[in-house]
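> Return atomic coordinates for the entry below.
(one chain, ligands or ions: 1)
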Amino acid sequence: MGQDELRALFADVSARAAAYRDGAPTRQHQPARGYREMRAAFDQPTPERGDEARAVIAELAMLAEPGLTNIIGPRFYGWVMGASHETGVAADWLISAWGQNVGNAHATPAASACEEVVTRWLLDLLDLPRGSSIGFVSGATLANFTCLAAARGEVLRRVGWDVESDGLFGAPPIHVVLGEEAHSTVFSGLRYLGLGAKRIVSVASDEQGRMKPDAFKRAIEKLDGPIIAIAQAGHINSGSFDAFPEIATTARAKGAWLHVDGAFGLWARACPDRAHLGRGLELADSWGVDGHKWLQTPYDSAYAIVRNAEAHRRAMLIAASYLPAGEDRHPADFTPELSRRARGFATWATIKAMGREGIAEMVSRHCAVARGIAERLNAAPDVSVLNEVVLNQVAVCLGPDMDVAKADELTARTIARIQNEGVIFVGGAVWRGRQIIRISVCSMNTTEADVAVSADAILSAWRAERDAG
Ligand SMILES: *Cc1c(COP(=O)(O)O)cnc(C)c1O
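Numbering: from 1, shown residues only. Model prediction:
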């Protein structure tokens, strides 16, 4: 490709991206077209001959844009998703353009060194043990998996079994203790590790979805042999945190490895007015947390944080004769992948753009918006917020005094109506036996000004559905 052509291509992409982002505040949050329409739109035979670059990009944008979800919009409250910070996105473009493969420190020194420094920043912001290691992975699913692989190796090593060499067949059984309302991806991680979803010792949770500390204690005290316990910082419906000082102390007394799934909730520790929620979780052995949720890094980005860096490295080490070794930290020794994008750069840029103060302000603002929406909804006579809004999550029950089946059906219809109207976007879930609306305030573009609009959008959709019966 000629220089002029290359510049024109990148300028074209930059203009398209800026136009897309400019339109985000006023665009509907729900995509205009659904999956089947998108599949039909993209359905073409395998290309035989190459096409001109700008034409390829123009066609991609033309095809995709009707099916894009406005996740970066100010009132996108679906699931728990961040808004891909502009500075992080810009860094991400450079990462792709630079074409760095961050497996090995000698092969890609800038990318590898950046990850080492970002490791220090993350431990500082999250106030976790400073010697911990971090693997830069694709999401909290993989962060939890990576941490649990380190846990599996270490609890077996302590009883004289080398899982990295000898595998799991014949190994002393590992007990896994987990709250009954753990995130579904934790079960996936355990499955990948050969620990099996059905072998888990499940601990009862309270009405906020927190593991009951006394039930945790009873469950763990009965067990003999290697134990991995998994707690949660930020329940997906309520935002609640497990009772950390207590759970961590119990786990330690029993010699268990304690892992914390803090995909979004761990960021409470970077916010002085929310940090109390996560007090004591620094006593754990490992933590999984996303960058692409609350920190707003572009996808895909998450951090597998392990106190015992050697256990982490033993579990993930990739050694080969053609890979330079030596004293330096090799990024691939801490992640399941060898070749991958240089995620550390995007995290570096996002943290630089926001700073400690900006992150704290954003987390605090999101929690205030969640409380504001919850207060307005609770003021309506036939709406009830089921959770204590301690963080950014709001679990809304419509028609709490109605027949449950009827209320569930009306709630599902209300969610569809809200999504179709497009002013805000909310998802649903079944929690505590009821269909709820789930609001997650996690976009950097959400402000206090969105509180009233959002509550009104929910209440008017609910009234319309309720009155239509
Ligand atoms: C989102 C989430 C996960 C999974 O994270 P991904 O980034 O989607 O892989 C795990 N645990 C909790 C509590 C989450 O909210």
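> Tell me how far F345 lies from A360.
In this view, F345 and A360 are 23 Å apart by C-beta to C-beta, to the nearest Å. To be clear about C-beta, it is placed using only N, CA and C from the backbone, and glycine gets the same treatment.
> more neighbours, these two?
F345 (23 against 19; other C-beta atoms under 10 Å).
> Surely the more buried one is within a helix?
Yes: the assignment for F345 is a helix, going by DSSP: H, G, I helix; E, B strand; the rest coil.
> give the contact list for it.
With contact taken as C-beta atoms under 8 Å, 6 or more residues apart in numbering, F345 is in contact with 91-92, 94-95, 111, 114.
> ok, which residues in the stretch 101-250 of the chain are in contact with the ligand?
Counting by C-beta under 6 Å from any ligand atom, the residues of the stretch 101-250 of the chain close to the ligand are 139-141, 183, 185, 234, 236.
> for the residues you listed, which one is nearest L398?
Closest approach to L398 among these (C-beta to C-beta): I236, at 19.1 Å.
> Quickly find the element holding that closest one.
No secondary structure element spans I236, as it lies outside all helices and strands (assigned by DSSP states H and E).
> if we can go back for a sec, show only the entries of the residues of the stretch 101-250 of the chain next to the ligand found in helices.
140-141, 185 (DSSP state H).
> Next, P172: secondary structure please.
Applying three-state DSSP to P172 yields a three-state assignment of coil.
> tally of neighbours for it?
Other residues near P172 come to 12 when the count uses other C-beta under 10 Å.
> I figured it was touching R158, is that so?
No: counting by C-beta atoms under 8 Å, P172 sits too far from R158 to count as a contact (10.0 Å).
> what sits in contact with each of the two?
Counting by C-beta under 8 Å, 6+ apart, the shared contacts of P172 and R158 are P226.
> Now the helix or strand containing V117: buried residues?
Element membership for V117, per DSSP H and E: helix 109-125. Burial within helix 109-125, assessed by neighbour count using 16 or more other C-beta atoms under 10 Å, is assigned to 111-112, 114-115, 118-119, 122-123, 125.
> S339 and the ligand: what is the separation?
Distance, S339 to the ligand, using C-beta to the nearest ligand atom, to the nearest Å: 20 Å.
> mind listing the helices for the stretch 351-469 of the chain?
When assigned using DSSP state H, counting those that start in this stretch, the helices of the stretch 351-469 of the chain occupy the ranges 404-421, 450-468.
> what comes into contact with the longest one?
If you take C-beta under 8 Å, 6+ apart as the criterion, helix 450-468 is touched by 74-75, 77, 369, 372-373, 376-377, 380, 382-383, 396, 398-399, 410, 413-414, 417-418, 421, 423-424, 426, 437, 439.
> ditto for stretch 349-360
With C-beta under 8 Å, 6+ apart as the criterion, stretch 349-360 contacts 85-88, 90-91, 118, 121-122, 125, 267, 270-272, 291, 295-297, 362.
> Mind checking which of these are buried?
Among these, the ones that count as buried by 16+ other C-beta under 10 Å are 85-88, 90-91, 118, 122, 125, 267, 270-271, 291, 295-297, 362.
> Among the residues you listed, which ones are in helices?
In this view, these that belong to helices under DSSP H are 86-88, 90-91, 118, 122, 125, 362.
> any chance of these in TSV, plus distance to P47 and pLDDT?
Shown next, in TSV, are these (distance: C-beta to C-beta, whole Å; pLDDT from 0 to 100):
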residue	distance to P47	pLDDT
E86	32	97
T87	35	98
G88	32	97
A90	30	97
A91	31	97
V118	39	98
L122	42	98
L125	45	98
M362	43	98
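> Can you convert these into TSV and add a column each for distance to L195?
Listed next are these as TSV, based on distance: C-beta to C-beta, whole Å:
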residue	distance to L195
E86	40
T87	39
G88	34
A90	40
A91	36
V118	30
L122	27
L125	31
M362	36
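> can you list the domains in this structure?
Split into domains by automatic domain parsing, the chain comes to 3-68, 92-350.
> Please work out how many residues are found near whichever residue of the stretch 1-150 of the chain sits closest to the ligand.
Per C-beta to the nearest ligand atom, G139 is where the stretch 1-150 of the chain lies closest to the ligand, at 2.7 Å. As a burial measure, G139 scores 19 neighbours (other C-beta under 10 Å).
> Give me the neighbour count for the nearest residue to it once chain neighbours are set aside.
With C-beta to C-beta, 6 or more residues apart in numbering as the criterion, G139 has its nearest non-adjacent residue at 4.8 Å, and that residue is A302. The number of residues packed near A302 is 29, by other C-beta under 10 Å.
> Go ahead and confirm A302 touches G291.
Yes: judged on C-beta under 8 Å, A302 makes contact with G291 at a distance of 5.8 Å.
> helices or strands up against the host helix or strand of V13?
Mapping V13 onto the secondary structure by DSSP H and E places it in helix 3-23. Applying 3 or more C-beta pairs under 8 Å, 6 or more residues apart in numbering; DSSP states H and E, we find helix 3-23 packed against helix 53-64, helix 86-98.
> hang on, the earlier thing: which other helices and strands contact the helix holding V117?
With contacts defined as 3+ C-beta pairs under 8 Å, 6+ apart, the secondary structure elements packing on helix 109-125 are strand 133-137, strand 302-306, helix 343-379.
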